[in-house]
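>>> let's see this in three dimensions:
(one chain, ligands or ions: 2)
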Amino acid sequence: MKAKDLQTVAIDLGSRSYHIAIRGSLFDNPLSYTELPSAQSALIVTNVTVGPLYAHALQKALAGKYPQVYTVVLPDGEEYKTWESLNLIFDALLSHGCDRKTVLFALGGGVVGDMTGFAAASYMRGVPFVQVPTTLLAQVDSSVGGKTAINHPLGKNMIGAFYQPLKVVCDLDTLKTLPERELSAGLAEVIKYGPIADMDFLAWLELNIDAIKAYDPAALAHVVKRSCEIKAWVVGQDERESGLRAILNFGHTFGHAIEAGLGYGEWLHGEGVGCGMVMAAHLSHRLGLVDALFVVRLTALIAKVGLPVTGPLLSDQDNAGRYLELMRLDKKSEAGDIKFVLIDGPGRAVVRSAPEAMVRQVIDRCCSKLLSTT
Ligand code: NAD
Ligand code: GLY
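Ligands and ions are numbered 1, 2, ... in the order given. Coordinates of the predicted model:
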């Protein structure tokens, strides 16, 4: 695949269908936005890190289409994915007299994207919005599929809505300014697509990980396109997660517990997911669903991209108990019964519960300082 060619991936959802455009030099090109509906105003939602880098160029690109282009700049960080930040978006919309046609543009990573989507879903009961994701994680996952949310101190992404964007503009050039730690975090959500759906992709990642880590444009283009294709395939069948879509949460049950247990922002979301996949792979193995070699292989790749493979201690008293307590709050849990996304043979995921004693063993093993790779 050539990095300079425009790639598109369709999200097929009937009247809510849209497409993802993938290439460099996209977000600052007015042609990226010509098909969007006209309106008197647009609001760019960004944060204090991404805004200074890209908001002015996006504003210029939108100026020919929207007579008024406003910008609201949020604080940066998972710990700000809150009601207070959401209210800053509503404050901007209301103080500028934005109406039902105003188009919101989420310029940033998954935090900005999730909050902008939720604001769009609820302002005047729903206004259009566009995702302009600038992290790898947002380009391969969070900007696609319409999950929007803020966090609650008791649980991650607990308050939100399903609300699809009009378009996703993945500009690969924006990844050039992304810190290495954030690139690695994004790769967690990329790696997950292998075990749940496409082992050939996992093998390709293993072969090309050095090029990806070196920000090679052609490698990144393939990473984003293939990830979006798999996500589109899943979301197209189960938009509101009544079944299949839950497989996209591979590693997230453990990962969300880590994020909430340590305090949002301590570990990056992708770091929690990376380590969570290791734990979920161990659990899959203990249940007899995959062999030990699979666990070693996945753990090695996750470690190679620079993600933690050992879980943090969330309690000095009863660490496994604290993980279990947090995981019972997971959205997939039913009446306190924790549902895990497990690998049921490489390339195939299943959602099921597991005996508590076994989950405790996995947590003890994966959080232990004496951890080995199997
Ligand atoms: P993030 O939004 O916090 O961005 C990571 C960091 O990179 C931030 O400091 C940000 O300001 C900075 N940044 C963004 N783009 C940059 C650029 N081009 N150059 C330099 N710095 C840049 O984190 P994230 O990893 O993008 O997203 C994580 C969030 O996404 C979590 O809240 C998670 O729950 C959510 N998420 C949502 C979905 C979904 O389906 N909606 C899926 C996965 C994750
Ligand atoms: N990131 C999980 C989902 O979109 O369903």
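
>>> how about the residues of this protein by ligand 1?
Within the chain, the positions adjacent to ligand 1 are 47, 49-50, 53, 76, 78, 81, 108-112, 114, 134-135, 137-138, 141-142, 145, 147, 157, 174, 177-178, 182, 185, 189, 269-270 by CB under 6 Å from any ligand atom. Every C-beta, even on glycine, is put in place using the N, C-alpha and C of the backbone.

>>> buried subset of those residues?
47, 49-50, 76, 78, 81, 108-112, 114, 134-135, 137-138, 141-142, 145, 147, 157, 174, 178, 182, 185, 189, 269-270 (16 or more other CB atoms under 10 Å).

>>> in helices, which of these fall?
50, 110, 111, 112, 114, 137, 182, 185, 189, 269, 270 (DSSP state H).

>>> filter the residues of the chain next to ligand 1 by proximity to ligand 2?
Applying CB under 6 Å from any ligand atom to the residues of the chain next to ligand 1, those adjacent to ligand 2 are 141, 145, 147.

>>> so the residue of the stretch 101-250 of the chain found nearest ligand 2, which state does it fall into?
Going by CB to the nearest ligand atom, ligand 2 is nearest to residue 248 of the stretch 101-250 of the chain, at 3.7 Å. Three-state assignment for residue 248 (DSSP: H, G, I helix; E, B strand; the rest coil): helix.

>>> which residue is the nearest non-sequential neighbour of it?
Excluding its sequence neighbours, the residue lying closest to residue 248 (CB to CB, 6 or more residues apart in numbering) is residue 234, at 5.9 Å.

>>> what of residue 358?
In space, residue 358 is closest to residue 286, 5.4 Å off (CB to CB, 6+ apart).

>>> and the one you found, what does it touch?
The neighbours of residue 286, taking CB atoms under 8 Å, 6 or more residues apart in numbering as the test, are 354, 358, 361, 362.

>>> who does the helix or strand hosting residue 57 touch, helix- and strand-wise?
Secondary structure assignment for residue 57, by DSSP states H and E: helix 56-63. Other helices and strands packing on helix 56-63, by 3 or more CB pairs under 8 Å, 6 or more residues apart in numbering; DSSP states H and E, are strand 41-47, strand 68-74, strand 103-108.

>>> can I have the buried ones of the contacts of residue 286 as a PyMOL selection?
In PyMOL, this line selects whichever of the contacts of residue 286 come out buried by 16+ other CB under 10 Å:
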select buried, resi 354+362
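
>>> run a quick neighbour tally on the residue lying closest to residue 338 once chain neighbours are set aside.
Ranked by CB to CB, 6+ apart and with sequence neighbours excluded, the top spatial neighbour of residue 338 is residue 327, at 4.8 Å. When neighbours are defined as other CB atoms under 10 Å, residue 327 has 21 of them.

>>> same question, residue 31
8.

>>> what helix or strand is residue 4 located in?
Per DSSP H and E, there is no helix or strand for residue 4.

>>> the lowest-mean-pLDDT helix or strand in the chain pairs with which strands, parallel or anti?
Counting by mean pLDDT, DSSP states H and E, the chain has its least confident helix or strand at strand 155-162, which shows a mean of 93. Sheet pairing of strand 155-162 (DSSP bridges) gives strand 147-152 (antiparallel).

>>> quick one: buried residues of the partner strand?
147, 148, 149, 150, 151.

>>> mind checking pLDDT for the nearest residue to residue 96 once chain neighbours are set aside?
Take residue 96 and drop its neighbours on the chain: the residue closest to it by CB to CB, 6+ apart is residue 70, 5.0 Å away. pLDDT recorded at residue 70 is 98.
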